[in-house]
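Enquirer: Give me a model of this one.
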Amino acid sequence: MTHRKRAEGSDRLQDDDLRDDPSSLGDMGGGANQTGARAYNDRLVLSLIRREGASSKAELARRTGLSPQTLGLIVRRLQKEKLLLAEQPVKGKGGQPSVPYRLNPEAIFALGLKIGRRSADLTLCDFVGQVKARVTKRYRYPLPEEIVAFYGAEAPALLATLPATRRSRLCGTGIAMPFDLWSWGDALDAPAGSLEAWRDFPIAERLSDTMPGTPVALSNDGTAACAAEFLAGGPSAPPDFFTLFVGWFVGGGIVLDGKLHSGRQGNAGALGSMLVSGPDGPRPLLQRASLMRLEQIAGREIPVEGADAAYWESAAVDRWLDEAAPAIAQSAANAAAVIDFAALRIDGAMPPALRRRLVNATRAAYGRLDTRGLSPLAIDEGHVGPDARGVGAAILPILEGFSRDRGVLLKPVA
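Expert: Model (predicted):
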């Protein structure tokens, strides 16, 4: 079954404003030569505006250390390439008014494919991560050929929701999925051996073949959710924090020094596999704090899209919180002991009220732990919600193409 949602609103420009060939955007990659240095500075300016919001040339020069003359050339170039838009001048205490510059939402688009236990979401996002359209396919368990067919049918349909002049400005597709999916057949209630096809399935290459010319890259779903939180947190986000997304499984992501860190094999922040103690001995966090565990306690499936509000206020949920919160607190303390994180952001595929209860219960459980020798850790709610993995998947190719640090987000595909 396929379910469509179309997003309304967002900035709209005249079609003539974006009739230029997207190849004029040039190479946004880094490098040591003069062209590469120019590209790095372009990426740096775009990254700062993405994180800090609309900024004037003077503010950008101060933050980057670039000269006002160099910064002026960069801004003019990015305006010409339609990546930046000028806002209304702002009058200061003296001198000339300053002009803030912001990202042009409709300069670039990307697709994000989230592959989950019961459904796949294909999301179309603009340059600032706003959802333009989304389509969902539901299933009992994920099969690779069905996912490819879903993408092949729906990706062109999502692009068709854009004006014709915008469709060539697709920069790529990001895939967010649990790694080693074939090893979770029992947890997904799949027939024995049915997920084995995932073991050697070249999902990125198959999707790329479906839409030739569109780059496709693979990411762990926890890293994708962290990417969405990384941008949603804005300038208030600390430079070093980690995230936990509670879905059917449990996944995480890491931000270090203000940059997403995916790890050697793209699996950094895999908190779901971290062993935590309990009455029955040490078990992976996902066996204590996931929605899979909630279903086991409740003895029935979680309603699709949470339609049954009473489900989330049941005694089973109370029992799950009593088990999940201490387990998350323990994993948080272990992670903080390895890397001196400032904060943990918790999000999940659940209503905001339950997320708030989970965060409050985790804070209380963390306060009961012996954390002597650890720096204080802020435990807060995430900003994105259930769509974090799909939105993050679409954000990843945008960051890969237009952020200051290439190659830190995505798992290499052989």
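
Enquirer: okay, CA-based contacts and neighbour counts for the rest of this
Expert: Noted.

Enquirer: and the lengthiest helix in the chain, which residues are buried?
Expert: Counting residues, the longest helix found in the chain (DSSP state H) is helix 315-338. The neighbour-count check on helix 315-338 (16 or more other C-alpha atoms under 10 Å) flags 316-317, 320-336 as buried.

Enquirer: for the stretch 101-250 of the chain, which spans come out with low pLDDT?
Expert: Across the stretch 101-250 of the chain, nothing is flagged by pLDDT under 70.

Enquirer: show me where it has helices.
Expert: 144-159, 203-210, 221-232 (DSSP state H, counting those that start in this stretch).

Enquirer: Out of those, flag the one nearest S262.
Expert: S262 sits nearest to helix 221-232 of all the helices of the stretch 101-250 of the chain, at 6.6 Å, using C-alpha to C-alpha.

Enquirer: what residues does the closest one touch?
Expert: Here helix 221-232 makes contact (C-alpha atoms under 8 Å, 6 or more residues apart in numbering) with 50-51, 114, 175-178, 237, 242-245, 250-255, 260, 262, 267-270, 382-384, 388-393, 395-396, 409.

Enquirer: what comes up buried for that helix?
Expert: 221-232.

Enquirer: Any idea how far that helix is from the middle of the chain?
Expert: Centroid separation for helix 221-232 versus its chain: 3 Å, with C-alpha atoms, centre = their mean, to the nearest Å.

Enquirer: Report the residue ranges of every domain in this structure.
Expert: Split into domains by automatic domain parsing, the chain comes to 2-9+106-219+390-402, 18-103, 234-382.

Enquirer: and the last one, how far out from the chain's middle?
Expert: It stands for domain 234-382. The answer for domain 234-382 is 16 Å, by C-alpha atoms, centre = their mean.

Enquirer: With the second one instead?
Expert: From the chain centre to the centre of domain 18-103 is a distance of 24 Å (C-alpha atoms, centre = their mean).

Enquirer: before we move on, back to that, which of the buried residues of helix 221-232 sits closest to D42?
Expert: Using C-alpha to C-alpha, these come closest to D42 at L231, 18.4 Å.

Enquirer: Distance of the closest one relative to A204?
Expert: With the distance defined as C-alpha to C-alpha, to the nearest Å, L231 ends up 24 Å from A204.

Enquirer: Same check on V359?
Expert: According to C-alpha to C-alpha, V359 and A204 sit 35 Å apart.

Enquirer: Next, work out how far apart the closest residue to T123 other than its chain neighbours and D121 are.
Expert: Distances taken as C-alpha to C-alpha, 6 or more residues apart in numbering place R134 nearest to T123, at 4.4 Å, with adjacent residues excluded. Distance, R134 to D121, by C-alpha to C-alpha: 7 Å.

Enquirer: re earlier: number of residues surrounding the residue nearest to T123?
Expert: Residues near R134, counting by other C-alpha atoms under 10 Å, number 23.

Enquirer: do the one 5 residues further on as well
Expert: Close neighbours of Y139, defined as other C-alpha under 10 Å, add up to 14.

Enquirer: With the one 5 residues further on instead?
Expert: The burial count assigned to P144 is 17, neighbours taken as other C-alpha under 10 Å.

Enquirer: In space, what's closest to it - neighbours in sequence excluded?
Expert: Using C-alpha to C-alpha, 6+ apart, the closest residue to P144 is W198 (6.4 Å).

Enquirer: With L181 as the reference, measure out to that neighbour.
Expert: Counting by C-alpha to C-alpha - W198 and L181 are separated by 7 Å.

Enquirer: and what of L60?
Expert: Applying C-alpha to C-alpha to L60 and L181 gives a distance of 43 Å.

Enquirer: Output the contacting helices and strands for the very next helix or strand once past the longest helix of the chain.
Expert: Next in sequence after helix 315-338, counting helices and strands by DSSP states H and E, comes strand 343-348. In terms of contacts (3 or more C-alpha pairs under 8 Å, 6 or more residues apart in numbering; DSSP states H and E), strand 343-348 is packed against strand 241-246, helix 352-367, strand 378-381.

Enquirer: who touches strand 343-348?
Expert: 238, 240-247, 332, 355, 359, 377-386.

Enquirer: One more: stretch 176-186?
Expert: Stretch 176-186 is contacted by residues 112-116, 191-199, 218-222, 224, 389-390, 392-393 when judged by C-alpha under 8 Å, 6+ apart.

Enquirer: what's the closest residue to S55 other than its chain neighbours sitting at in phi/psi?
Expert: Spatial nearest neighbour of S55, excluding adjacent residues (C-alpha to C-alpha, 6+ apart): P100 at 4.6 Å. With angles defined as degrees, to the nearest 10, P100 sits at phi -80, psi 150.

Enquirer: In stretch 356-368, which residues are buried?
Expert: So, applying 16+ other C-alpha under 10 Å, buried residues of stretch 356-368: 356, 358-363, 365-366.

Enquirer: Return the member of those residues nearest to E145.
Expert: Nearest to E145 among these, with distances taken as C-alpha to C-alpha, is L358, at 36.3 Å.

Enquirer: looking at it, the closest one is touching L321, isn't it?
Expert: Yes: using C-alpha atoms under 8 Å, L358 is in contact with L321, at 6.4 Å.

Enquirer: ok so, going back, could I get the buried residues of stretch 356-368 as CSV with distance to Y40?
Expert: Formatted as CSV, these follow (distance: C-alpha to C-alpha, whole Å):
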residue, distance to Y40
R356, 40
L358, 41
V359, 38
N360, 41
A361, 43
T362, 40
R363, 40
A365, 44
Y366, 41
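
Enquirer: Which two among those residues are spaced furthest apart?
Expert: Among these, R356 and Y366 lie farthest apart (C-alpha to C-alpha), at 15.2 Å.

Enquirer: on that earlier part again, the residue nearest to P144 against E146, yeah?
Expert: No: at 11.7 Å, W198 does not count as touching E146 under the criterion of C-alpha under 8 Å.

Enquirer: Neighbour count: those two, which is higher?
Expert: Taking other C-alpha under 10 Å, W198 and E146 do not tie; W198 has more neighbours (18 against 12).

Enquirer: any idea how far the more buried one is from V99?
Expert: 51 Å.

Enquirer: and what of L158?
Expert: With C-alpha to C-alpha as the criterion, L158 and V99 are 35 Å apart.

Enquirer: can you give me the strands for the stretch 151-300 of the chain?
Expert: Secondary structure of the stretch 151-300 of the chain, counting by DSSP state E, counting those that start in this stretch: strands at 170-177, 216-220, 241-246, 250-256, 259-261, 275-276, 283-284.
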